[in-house]
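Colleague: fold the following.
(one chain, ligands or ions: 1)
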Amino acid sequence: MKNRATPLILLCLSLALSGCTLTSHPLDGQRAPGKASSSAEMERQLSQPGIVQLETVNSADWAVALSGGLNLKSPEAIKAGLQDRDEPIQIYAYVLKHPTRGNFIVDTGVSAKVLAQPSEYGLNWLLQYVLHLDKLRINKSTSEMLAPVNGKLAGVMMTHLHLDHIMGMPDIANDVPLYVGATETQESTFNNFFVRGATDTLLKGKRALQEWRFQPDPQNQFEGIVDIFEDGSVFAIQVPGHTAGSTAYLIRTTTGPVLLTGDACITRWGWEHTVEPGDFTSDHERNLKSLKNMKALVARHPEIEVRLGHQH
Ligand SMILES: [Zn+2]
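Modeller: Take a look at the predicted model:
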């Protein structure tokens, strides 16, 4: 028995150590709409009134280890004497109403179905424990959030594909286009080994993922920027590091420009002290650079309202 089990254990170990990609869900060769833009082009338009209505939805209250939301090994966190503890956070989703292109959401919130039967959606007992699912309370489920738009969604723009951002997928129709950052599904990490099954299950039956068509930013303020509707109303911004495809969104709303950082910055303390997220961040150095780029953008344009990954 022992001899037969050994190769299996070795195989599992070597798979875990070499890491794997986040999901086996297919990529759409067509890629996402929009045209490559630049920071100069984007910033030139910030003083003009926008046309998009944006609603921030606090889908769920949650608590996670602070060491997940914030790199406690950073010099700033050490200097401030921060210790690991349970940190109250929120799971946000955003409803965008474009006057001619339709309704979109950024990230997906939480479906009540997932919380009722987590194992049905690939969240096994280990993930339920690691994710502190017992501490997650839904305020507005994804289906409740989508009710006012009559379920008519033109697309979902993802900041990244971590589980806490795709837990609303069961409430989203299978034919809705899903947009993600470049290379989000190609990076191999050790942590992916544990979440890949659940990620695949939550995306099962959905359309192939479409990647934003980023090109290098001519002004080099960011790695790349896409003008999604080619009208300067919504921009996808490459902010890699937390995951390879992490994407922020700059939305020119009717009440002014809003920056959705995604998990390139999770906590308020992290934004104020320029400290990137902690565990589950695949490249800290790259994430910190992305965070600095976003802070520099907001310093140049203080009229931008910033909405962070999990705390406002
Ligand atoms: Zn998150």
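Colleague: so the residue of the stretch 1-150 of the chain found nearest the ion, which state does it fall into?
Modeller: Scanning the stretch 1-150 of the chain for the residue nearest the ion gives residue 91, at 7.3 Å (criterion: Cβ to the ion). C-beta here means a position set from N, CA and C on the backbone, and glycine is covered the same way. What DSSP: H, G, I helix; E, B strand; the rest coil gives for residue 91 is strand.
Colleague: hey, where'd the helices end up in the stretch 51-200 of the chain?
Modeller: 66-69, 75-79, 112-116, 125-130, 142-146, 163-166, 192-203 (DSSP state H, counting those that start in this stretch).
Colleague: can you list those helices in TSV and add distance to the ion and mean pLDDT?
Modeller: Shown next, in TSV, are the helices of the stretch 51-200 of the chain (distance: least, Cβ to the ion, whole Å; pLDDT from 0 to 100):
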stretch	distance to the ion	mean pLDDT
helix 66-69	8	94
helix 75-79	19	97
helix 112-116	15	96
helix 125-130	13	92
helix 142-146	15	96
helix 163-166	4	96
helix 192-203	12	91
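Colleague: dump those helices to JSON lines, plus mean neighbour count.
Modeller: Compiled in JSON lines, those are given as follows (neighbours: other Cβ atoms under 10 Å):
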{"stretch": "helix 66-69", "mean neighbour count": "22"}
{"stretch": "helix 75-79", "mean neighbour count": "13"}
{"stretch": "helix 112-116", "mean neighbour count": "18"}
{"stretch": "helix 125-130", "mean neighbour count": "14"}
{"stretch": "helix 142-146", "mean neighbour count": "21"}
{"stretch": "helix 163-166", "mean neighbour count": "24"}
{"stretch": "helix 192-203", "mean neighbour count": "19"}
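Colleague: just to check, the residue of the stretch 1-150 of the chain closest to the ion is in contact with residue 108?
Modeller: No - judged on Cβ atoms under 8 Å, residue 91 makes no contact with residue 108 at a distance of 9.3 Å.
Colleague: need the residues touching each of those two.
Modeller: Common neighbours of residue 91 and residue 108, counting by Cβ atoms under 8 Å, 6 or more residues apart in numbering, are 165, 167.
Colleague: run the chain-centre distance for stretch 107-122.
Modeller: 17 Å (Cα atoms, centre = their mean, to the nearest Å).
Colleague: same question for stretch 65-81.
Modeller: With Cα atoms, centre = their mean, you get 21 Å for stretch 65-81.
Colleague: can you tell me how far residue 219 is from the ion?
Modeller: 29 Å (Cβ to the ion, to the nearest Å).
Colleague: ok, the residue lying closest to residue 195 once chain neighbours are set aside - contacts?
Modeller: Counting by Cβ to Cβ, 6 or more residues apart in numbering, residue 195 lies nearest to residue 163, which is 5.7 Å off, once chain neighbours are set aside. With Cβ under 8 Å, 6+ apart as the criterion, the residues that contact residue 163 are 123, 127, 131, 195, 198, 199, 202.
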